[in-house]
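K.L.:
Have a look at this fold, sequence not included:
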């Protein structure tokens, strides 16, 4: 028996009871949503069948009474949650149920409509076929929710937007007017002031993106895609950026914008980009079929790494693996593991599928390009970490080494480096079948010969095309050039592998040594391979002296090859012993012709050889750890190659000569002192490329010889610092500015420079609008300034001391700022100082000289309050100062003097501006509440601090007289200092008198003995006479000898050179401190003579020292003894010390 159909009155009566019951259940759990959707749809269907016929002026119309009642009850339930703020789970479940129900009824309506179409296929279509109870319900619900978009209550706006975001995916086809209204409303809410509302608006807009046609947009109208990209990049809330990133499709026109999120300030956004957006969608799919995975592609995720360009891939890997946050690096590793899985899926099955898969993965990067190999190696090591099975399955067969490609050579090098850092090195290398050393030397030799063959083929192609006078085949030449670059890269990778080999095999060592030496002596070897060759040579040579001797031999061979037959294009394959030539390697061979005797072609060839020799010397000097004295062979290189190159006018030769000279200075102190002025002179007029090299040399010398240049003589240190600051001020090149800031920051972080001017200049350079486009400089200072302040308490106090000066300069620049310039506000600048000087962030120092300065914010508050007493301050500055006071950290137990100064300044400060007066009153009230009792106790003993210069300065600023008795306090301090010289008490006067009498008697006896000795002849000891008393001249000689002996002792343990320090050297030794006991006595003739000599030397230094502030461009105005004297044509000088 069929159930009885309820009457319309019963259905209408049950709606107010059943709908609240459904909503009551769905807010408890999402598990009953499906069941309640079925029940609610049944009630909805029954209500939709209840209609009434109404009479109108145009006839009869159908009134949907049941649907109206159902919609009213449903909307009434929604009103209960619209006012609920974000957070409660029950409200979130109701929102989700609304979306689930709309999806349910839309699908049911589509099924019923499909059935009706099949049943009435031959019938004429009716106008109302498109309208269903479900479509009418959704239209009314959407219209009602759009009214909540403009509500004043942010909770109503949030709930309305969140419900619409749930409904958008299930709305089906919408009317054009409804779609336009919905789109415009969501675009407006995407700019709402509340971030959580913007997030849901962006989510809803992303679901409308597929239905938008760019051709239908009016001119100047913003598209949905542009809105999403704008939210990804510029929305201040990280939550909105995350939602926009998740819902923005990965299209060719959006990829470049989405990749900017690798530098997003939020860790979660960066992690999401790597672990979700750039992770191939098929790598996370559980389907094993490639077709099944392709069907499940997500438009918002990467389908293939090849959607990105090579440059974009390298940038993504570099930023991801180099991120400072571990979560981001883990997300980048997950992305690279997905890329490897994608590459493995596109490799055919075979015996060496694992190696082929890795090589296919490496082909995603341009390993030959500069920097591409570093990115590829990092990516490969990340795969090794994520997939240890890949590392264990790698085997290098003999055919692998005979057919090396750039990717396969890089794989072998990365494998050996990664294995070398592991624990199971020998086992894994044996399993990978790494060739023995002798065989590997032949592989290196073959790779070198391949380079020479490629060079010969390229030269022949150019020659043939030039002789036929035809247009060269660009594609053919590019192909040959690309092949040459590939072979150079392969040889470089094999040399890096050779540097990691075990050289216990003597035969293999000798073979590798001979191969590398012959390569260095070949004039066609690319200069980019010299560093790798020297690394191998260092492993195969027992000592530095032997390496330098070999390099000098190679330089001689290269310079001799100008007039001889060129070397063969391939290397000899015979095995030979180590070279032990009997030639004098301390000298560099001279050419048969002088430069003025050469033709232009010969001179150009000679310059190329000299440039090559200088590059070889630079690479060698970088690897020298001993002093210049320990490697006497370098003297010939310096005199005959480096010094002449410094005198040349050609930029390349001069640059390499200066770099070589700078490297020599790092291991020869006297040479550095005599050549330092030369490098300073180059900064003024050198081109940018040379200026960068010279500045690096200057800072290296300052770091190595800080004692001589920055610590001993304050005048010379001030000149050097002034020179660097003036160069920074007038320099226009961003790169040079960055190098200067990096060098000065290194000097300051190491405590070599403590000048407040330098710190002020760096702070101003950090915020100046002139450096707004110099990202390298800004990044350097953004790291340096916090680290410098937090490392030592004394650094924080130094930063505090420059606050007022720096703030005034920044405020003045900000007022004169142009419209097209950008700069932080004075308030933001003050917040930086508050953060940098925060004692809570300072690291605990173990240095005894670094006294804890927990009162640095107290001193900063004193400085700010002093500035408030300046009547000429603008209202904006006063407002900023008052805002900064509330952000300072005043410790629980500050120093009494600082507390007294702060209390005095607050007590007499009166602010006329009501706004600032309110902030000052709040700070003063909080200060007195915390330290009022302690301040009263300090004021009771104010006489104790009345003599302090700091407190007297505060009183002068306030305009009050210091407390009476401050002179007495000063007298008390002087009295305490002279206590030890006071007359003893009366009880001890008798003992003191007895002691004085005894001392007088002893002095009389000594005087009598001296008179007797003067009258008697000189006595003998051991048959020899005593030496006579030295005269003044003898005193001078003895004192000079003692001075020289002391200088030798001071130089012990430091790097010394054979050169004699120039008389104008900027590193004089300061006068020795006087002994306090001796200074109380009358100086002897010897002492007076010695002090006069030191004073004369110091005056001579100040009057004859060439200025370092505005150095003039001169050609070696500080010649060292290694330079050739005039008339000697570059010959090496004698090593005798000039007078």
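P.N.:
Nice, I can see it. Note that the structure is a prediction, hence the values are computed from the model and not measured.

K.L.:
Tell me where the model's unsure across the stretch 251-400 of the chain.
P.N.:
282-297 (pLDDT under 70).

K.L.:
Can you show me the helices along it?
P.N.:
For the stretch 251-400 of the chain, the helices defined by DSSP state H, counting those that start in this stretch cover 255-258, 267-272, 290-295, 310-321, 326-345, 353-362, 372-386, 388-392, 398-402.

K.L.:
Report all helices and strands that the second one contacts.
P.N.:
Spelled out, that is helix 267-272. If contacts are counted by 3 or more C-beta pairs under 8 Å, 6 or more residues apart in numbering; DSSP states H and E, helix 267-272 sits against helix 238-247, helix 326-345. In short, each C-beta sits where N, CA and C put it, glycine included.

K.L.:
same deal with the shortest one?
P.N.:
The contact analysis (3+ C-beta pairs under 8 Å, 6+ apart) places helix 255-258 against helix 224-234.

K.L.:
Quick one: list the elements packing against the helix it packs on.
P.N.:
By 3+ C-beta pairs under 8 Å, 6+ apart, helix 224-234 packs against helix 176-189, helix 195-208, helix 238-247, helix 255-258.

K.L.:
how about 7 Å then?
P.N.:
If contacts are counted by 3 or more C-beta pairs under 7 Å, 6 or more residues apart in numbering; DSSP states H and E, helix 224-234 sits against helix 195-208, helix 238-247, helix 255-258.

K.L.:
Show residues contacting it.
P.N.:
For helix 224-234, the surrounding residues in contact (C-beta atoms under 7 Å, 6 or more residues apart in numbering) are 187, 190, 202, 205-206, 208-209, 212, 240-241, 244-245, 247-248, 254, 257-258, 260-261.

K.L.:
List only buried entries from the residues you listed.
P.N.:
Buried subset of the contacts of helix 224-234 (neighbour count, 16 or more other C-beta atoms under 10 Å): 187, 190, 202, 205-206, 208-209, 240-241, 244-245, 247-248, 257-258, 261.

K.L.:
Which of the helices and strands packed on helix 224-234 sits closest to residue 133?
P.N.:
Nearest of the helices and strands packed on helix 224-234 to residue 133, taken as C-beta to C-beta: helix 195-208 at 23.9 Å.

K.L.:
which residues touch the closest one?
P.N.:
By C-beta under 7 Å, 6+ apart, the list of residues contacting helix 195-208 from outside reads 86, 154, 157-158, 161-162, 164-165, 168-169, 183, 186, 189-190, 192, 224, 227-228, 231, 235, 237, 239-240, 243-244, 247-248.

K.L.:
switch to 8 Å and redo it
P.N.:
The contact list for helix 195-208 (C-beta atoms under 8 Å, 6 or more residues apart in numbering) reads 86, 154, 157-158, 161-162, 164-165, 168-169, 179, 182-183, 186-187, 189-192, 224, 227-228, 231, 235-237, 239-240, 243-244, 247-248.

K.L.:
leaving aside the residues next to it on the chain, what's closest to residue 689?
P.N.:
Of all residues beyond its chain neighbours, the one nearest residue 689 is residue 655 (6.9 Å), with distances taken as C-beta to C-beta, 6 or more residues apart in numbering.

K.L.:
Surely that neighbour is within a helix?
P.N.:
Yes - counting by DSSP: H, G, I helix; E, B strand; the rest coil, residue 655 is part of a helix.

K.L.:
For it, the count of nearby residues, please.
P.N.:
23 (other C-beta atoms under 10 Å).

K.L.:
give the contact list for it.
P.N.:
Neighbour list for residue 655: 689-690, 693 [criterion: C-beta under 8 Å, 6+ apart].

K.L.:
and if we set it to 10 Å?
P.N.:
Contact analysis of residue 655 by C-beta atoms under 10 Å, 6 or more residues apart in numbering lists 611, 614, 645-646, 648, 682, 686-687, 689-690, 692-694.

K.L.:
now it: how far from residue 13?
P.N.:
Shown here: residue 655 relative to residue 13, a distance of 97 Å by C-beta to C-beta, to the nearest Å.

K.L.:
ok so, going back, hmm, which of the contacts of helix 195-208 are the buried ones?
P.N.:
Those of the contacts of helix 195-208 that meet the buried threshold are 157-158, 161-162, 164-165, 168, 182-183, 186-187, 189-190, 192, 224, 227-228, 231, 235, 240, 243-244, 247-248, by 16+ other C-beta under 10 Å.

K.L.:
so where's the stretch 901-1050 of the chain shaky on pLDDT?
P.N.:
If you take pLDDT under 70 as the line, the stretch 901-1050 of the chain has these spans: 911-912, 964-1050.

K.L.:
re the thing from before, and the residue nearest to residue 689, how far is that from residue 690?
P.N.:
Per C-beta to C-beta, residue 655 is found 5 Å from residue 690.

K.L.:
Now do the shared contacts for those two.
P.N.:
Residues within reach of residue 655 and of residue 690 at once, by C-beta under 10 Å, 6+ apart, are residue 682.

K.L.:
Work out for me the element residue 54 sits within.
P.N.:
strand 52-56 (DSSP states H and E).

K.L.:
Mean confidence (pLDDT) on that strand, please.
P.N.:
Averaged over strand 52-56, pLDDT sits at 71.

K.L.:
What separation do you get for residue 413 and residue 396?
P.N.:
Residue 413 is 11 Å from residue 396, by C-beta to C-beta.

K.L.:
More neighbours: these two, which one.
P.N.:
A direct count of neighbours by other C-beta under 10 Å for residue 413 and residue 396 places residue 413 higher, at 21 against 18.

K.L.:
Name all residues that make contact with the nearest residue to residue 64 once chain neighbours are set aside.
P.N.:
Spatial nearest neighbour of residue 64, chain neighbours left out: residue 51 (5.8 Å); criterion: C-beta to C-beta, 6+ apart. If a contact means C-beta under 10 Å, 6+ apart, then residue 51 has 8, 62-67 as its contacts.

K.L.:
among the residues you listed, who's most crowded?
P.N.:
Most surrounded of the contacts of residue 51: other C-beta under 10 Å gives residue 66, at 23 neighbours.

K.L.:
For residue 334, see how far away that residue is.
P.N.:
Residue 66 is 54 Å from residue 334, by C-beta to C-beta.

K.L.:
Next: residue 98.
P.N.:
Distance of residue 98 to residue 334, given as C-beta to C-beta: 35 Å.

K.L.:
what do you get for residue 948?
P.N.:
To residue 334, residue 948 is 62 Å away according to C-beta to C-beta.
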